[in-house]
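Q: With the sequence up front, the predicted model follows.
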Amino acid sequence: MNVKNTEDCFKLRLLRKIAPDKEKSKKSMEISERRIATAKEMLKHKIFGFIVTESYMSMFHASRALLYKDGIQEKSHYAISVYLKEKYANKIPLPIINLLEVHRIERHEATYGFEYQPNKEDAELAIKDAEIFIKEIKKVLSEGEK
């Protein structure tokens, strides 16, 4: 599958237009907050693979908050990165948008791979990056409320 832009994402139905939904946007941010809190809590239990997954999922749900605000339903984690780069690069620094893709791949390897075993440093970085990412998403969402 060769996806270059959001137009490709819509053609392939990786993204779909829906009615903008403030309630789903709000709920997605609540889920994001719960998942990052859970990731932080798990540090003391040293469940590093779970922390990597939860940190990414907190970023995923924060991203969905933007999509729901815009009236977009995702059907692909990758398509979210494509959408954010195309639609929000003027509001969110590209290195921060890229964190989503970096941690999507890391989460995939931690979940399905044979080689990668996240360690404490990986888990701490995932949490830190997720917090940075979520902060930027919240800024954009709050701008839309003004």
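A: That came through fine.
Q: Which helix runs longest in the protein?
A: Counting residues, the longest helix found in the chain (DSSP state H) is helix 120-145.
Q: Going by neighbour count, list what's buried in that helix.
A: For helix 120-145, a neighbour-count test (16 or more other C-beta atoms under 10 Å) marks 122-123, 125-127, 129-131, 133-134, 136-137, 140-141 as buried. All C-beta spots, glycine's among them, are computed from the backbone N, C-alpha and C.
Q: Same check on stretch 33-47?
A: By neighbour count on 16+ other C-beta under 10 Å, the buried set for stretch 33-47 is 35-36, 39-40, 42, 47.
Q: Take the residues you listed and keep only those in helices.
A: Judged by DSSP H, the subset of the buried residues of stretch 33-47 located in helices is 35-36, 39-40, 42.
Q: and which of those is nearest to residue 91?
A: Residue 91 lies nearest to residue 36 out of those, by C-beta to C-beta, at 20.9 Å.
Q: I'd like the buried residues of stretch 33-47 as a markdown table, with distance to residue 116 appended.
A: Putting the buried residues of stretch 33-47 into a markdown table (distance: C-beta to C-beta, whole Å) gives the following:
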| residue | distance to residue 116 |
| --- | --- |
| 35 | 20 |
| 36 | 21 |
| 39 | 17 |
| 40 | 21 |
| 42 | 18 |
| 47 | 15 |
